[in-house]
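Chemist: pasting the structure only:
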């Protein structure tokens with residue numbers, strides 16, 4: 001009741017600038033239609049939550065938000081119940097919190113079980129984050145803040161339009177630390193869809209997205225899907241994407257282009273992926289209905305990143321692994337499947353650690369997205385592949401009994417007198 005009262009007060013114009021709230025108990029919302037805390041509509045009218053809520057390790061469970069269409073024919077009675085008229089698609093930031101001033105407005109909170117239908121969201125221009133949908137926070141206003149210890153778990157049904165993410169929809173350069181989305185997960189929307197955030201996530205550290213069997217993250221656009229395990233699209237205003245010690249284990253599906261294990265697309269300088277892993281199937285399988293009138297081929301599908309866009313974007317990938325399959329079709333409809341045993345070759349701008357580059361360079365990643373920019377890969381007993389820029393690095397990292405696979409031809413320079421060129425191996429390895 002008190003959390004619902006907070007939502008009502010913010011919707012009425014009390015924004016709680018500088019106020020601090022702390023949860024003292026778990027809260028069960030019982031799947032009653034929820035009025036998001038804070039809102040912004042397509043006309044620019046805002047009721048921004050400007051305080052901070054510390055979950056103190058507690059859980060909010062059974063969240064439900066359903067957006068009405070323009071005729072008010074489906075869903076949410078929360079706003080009506082509170083006496084503020086219909087909560088319609090004009091109020092286009094949804095989640096437990098709809099529109100907040102600061103990225104750290106919410107912390108140390110678990111949200112368990114959520115059913116959020118934002119398919120009727122009204123979208124204004126992308127620079128204002130129209131139509132943002134998430135379980136925790138729809139849209140943050142200030143850039144560059146840090147979100148810590150937010151966890152979404154249980155049965156998650158989240159459907160939106162643009163900017164859809166498990167924790168935050170429109171992230172505006174937010175840094176995520178120790179956050180997770182786990183359980184029976186179905187996250188979908190039109191474009192810019194991610195497991196942690198949909199759009200403009202800047203940094204991810206110790207974050208996990210892990211679904212049970214049958215879970216997925218899906219974009220339905222017939223053009224640029226921008227679907228990623230962590231972030232759909234990153235880098236336009238946030239200075240690139242940095243991901244460290246993150247794990248994604250969920251199927252990713254697109255209907256057009258730009259799908260990757262960590263990010264669908266990045267577009268800014270100095271992006272880095274370090275010690276990240278992906279498990280699952282990544283696919284772009286445009287439907288026959290979607291292909292009609294569309295000239296875009298099925299492209300930009302990568303184990304870590306779908307595509308790198310900017311002329312100035314540089315991507316460094318170290319210590320990352322992929323275990324699973326990449327599935328796509330070419331323009332003629334021929335299906336192709338790449339897996340770790342096949343070495344994830346690049347073809348049709350698909351496959352490889354990065355699906356494709358429209359321009360720019362990357363450390364160790366070639367322009368066509370093929371893994372040929374890497375010299376060797378270490379393959380562990382579970383089939384997970386980690387790529388290295390030199391054979392010596394791969395051999396050093398490999399453990400007894402593992403396989404080191406060559407991904408390109410190499411030339412050994414020097415001789416026995418050249419100690420910098422030789423390889424000394426004192427473990428049991430298979431060199432493939």
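Modeler: Everything's here; your move. Values in this document were obtained by computation on a predicted structure and should not be read as measured data.
Chemist: Direction included, what does the helix or strand encompassing residue 186 pair up with?
Modeler: Using DSSP states H and E, residue 186 falls within strand 180-189. Partner strands and pairing direction for strand 180-189 (DSSP bridges) are strand 150-159 (parallel), strand 208-211 (parallel), strand 216-219 (parallel).
Chemist: which strands and helices sit next to the helix or strand that the first one is followed by?
Modeler: When you say that, I think you mean strand 150-159. Heading C-terminal from strand 150-159, the first helix or strand you meet, by DSSP H and E, is strand 162-165. When contacts are defined as 3 or more Cβ pairs under 8 Å, 6 or more residues apart in numbering; DSSP states H and E, strand 162-165 packs onto strand 132-134, strand 168-177, strand 180-189, strand 191-194, strand 197-205, strand 231-234. Just so you know, the C-beta spots here come from the backbone N, C-alpha and C atoms, and that holds for glycine as well.
Chemist: What's the mean pLDDT across strand 162-165?
Modeler: Averaged across strand 162-165, pLDDT comes to 91.
Chemist: thinking again about what came up before, can you give me the buried ones in the strand holding residue 186?
Modeler: For strand 180-189, the neighbour count (16 or more other Cβ atoms under 10 Å) marks 180-183, 185-189 as buried.
Chemist: just so I have it, where are all the helices in the stretch 1-150 of the chain?
Modeler: Secondary structure of the stretch 1-150 of the chain (DSSP state H, counting those that start in this stretch): helices located at 2-11, 78-81.
Chemist: possible to save those helices as a markdown table with mean pLDDT and distance to residue 200?
Modeler: As requested, the helices of the stretch 1-150 of the chain are exported to a markdown table (pLDDT from 0 to 100; distance: least, Cβ to Cβ, whole Å):
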| stretch | mean pLDDT | distance to residue 200 |
| --- | --- | --- |
| helix 2-11 | 90 | 23 |
| helix 78-81 | 36 | 28 |
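Chemist: okay, the ones you listed in TSV with distance to residue 161 next?
Modeler: Listed next are these as TSV, based on distance: least, Cβ to Cβ, whole Å:
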stretch	distance to residue 161
helix 2-11	22
helix 78-81	19
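Chemist: For residue 57, find the nearest of these.
Modeler: helix 2-11 (15.8 Å; Cβ to Cβ).
Chemist: quick one: low-confidence ranges for the stretch 201-350 of the chain?
Modeler: Scanning the stretch 201-350 of the chain for pLDDT under 70 picks out the ranges 222-223, 235-240, 268-270, 285-299, 310-314, 329-350.
Chemist: Helices along that one, start to end?
Modeler: Counting by DSSP H, counting those that start in this stretch, the helices of the stretch 201-350 of the chain are 288-291.
Chemist: returning to what we had before: closest to residue 146 out of the helices and strands packed on strand 162-165?
Modeler: strand 168-177 (4.4 Å).
Chemist: counting contacts, what elements does the closest one pack onto?
Modeler: Looks like strand 168-177 contacts strand 93-94, strand 132-134, strand 137-140, strand 146-148, strand 162-165, strand 197-205 (3+ Cβ pairs under 8 Å, 6+ apart).
Chemist: what inclination does that strand have with respect to strand 150-159?
Modeler: Relative orientation of strand 168-177 versus strand 150-159 (axes from the mean of the first three to the mean of the last three Cα atoms, to 10 degrees): 160 degrees.
Chemist: Okay, now the sheet partners of strand 168-177, with direction.
Modeler: Paired strands of strand 168-177, defined by DSSP bridges, are strand 137-140 (parallel), strand 146-148 (parallel), strand 197-205 (parallel).
Chemist: Give the buried residues for it.
Modeler: Going by 16+ other Cβ under 10 Å, strand 168-177 has these buried residues: 168-177.
Chemist: And the helices and strands packed on strand 168-177: which comes nearest residue 24?
Modeler: Across these, closest to residue 24 is strand 146-148 (Cβ to Cβ), at 19.6 Å.
Chemist: before we move on, back to that, same list (the buried residues of strand 168-177) but as CSV, adding distance to residue 214.
Modeler: Formatted as CSV, these follow (distance: Cβ to Cβ, whole Å):
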residue, distance to residue 214
168, 24
169, 24
170, 28
171, 27
172, 32
173, 33
174, 29
175, 31
176, 25
177, 29
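Chemist: could you dump those to a markdown table with pLDDT?
Modeler: Shown next, in a markdown table, are the buried residues of strand 168-177 (pLDDT from 0 to 100):
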| residue | pLDDT |
| --- | --- |
| 168 | 94 |
| 169 | 92 |
| 170 | 89 |
| 171 | 86 |
| 172 | 81 |
| 173 | 81 |
| 174 | 88 |
| 175 | 90 |
| 176 | 94 |
| 177 | 96 |
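Chemist: Could you single out the nearest of those to residue 428?
Modeler: Looking across the buried residues of strand 168-177 and measuring by Cβ to Cβ, the closest to residue 428 is residue 177, at 39.0 Å.
Chemist: So what sits opposite that closest one in the bridge?
Modeler: With DSSP bridges as the rule, residue 177 is bridged to residue 148, residue 205.
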